[in-house]
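Enquirer: I'd like to go over a predicted model; first the sequence, then the structure.
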Amino acid sequence: MVNEVRLIGRVGKDPEFRVTAGGTAMARFTLATTESRKDKDGNRTKETSWHRCVVWQKQAEIARDYLKKGKLLYVE
């Protein structure tokens, strides 16, 4: 069984970077994705979903160095 998610969205705020007691780097951030739809009357509506993301080790260091609030990001 494989669970796979692909998201394209904007970073909600600058990542929180930490190093665990064991020395492993970790970064947390939120990602906002927006979906646009037409309702039954033909009016466009937008719905924003927020996703909590956690990355570890080298990816955490990259997130700390390159991700900033508002940056467009692809996550797989």
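Expert: Cool, the structure landed. These numbers were taken from a predicted model, which means no experiment stands behind them.
Enquirer: residues touching the residue nearest the centre of the chain, list them.
Expert: Centroid-nearest residue in the chain: L31, 3.0 Å away (criterion: Cα atoms, centre = their mean). L31 is in contact with L7, G9, R10, V11, G12, W50, H51, C53, L73, V75, counting by Cβ atoms under 8 Å, 6 or more residues apart in numbering. Every C-beta, even on glycine, is put in place using the N, C-alpha and C of the backbone.
Enquirer: Could you pick out the buried ones from the residues you listed?
Expert: In terms of neighbour count (16 or more other Cβ atoms under 10 Å), the buried residues within the contacts of L31 are G9, V11, G12, C53, L73.
Enquirer: and the gap between the last one and M26?
Expert: So that's L73. Separation of L73 from M26 (Cβ to Cβ, to the nearest Å): 17 Å.
Enquirer: for the first one, same thing?
Expert: From G9 over to M26 the distance is 21 Å, taken as Cβ to Cβ.
Enquirer: ok, what's across the strand from E47?
Expert: E35 (DSSP bridges).
Enquirer: List the contacts of it.
Expert: By Cβ under 8 Å, 6+ apart, the residues touching E47 are T34, E35, R37.
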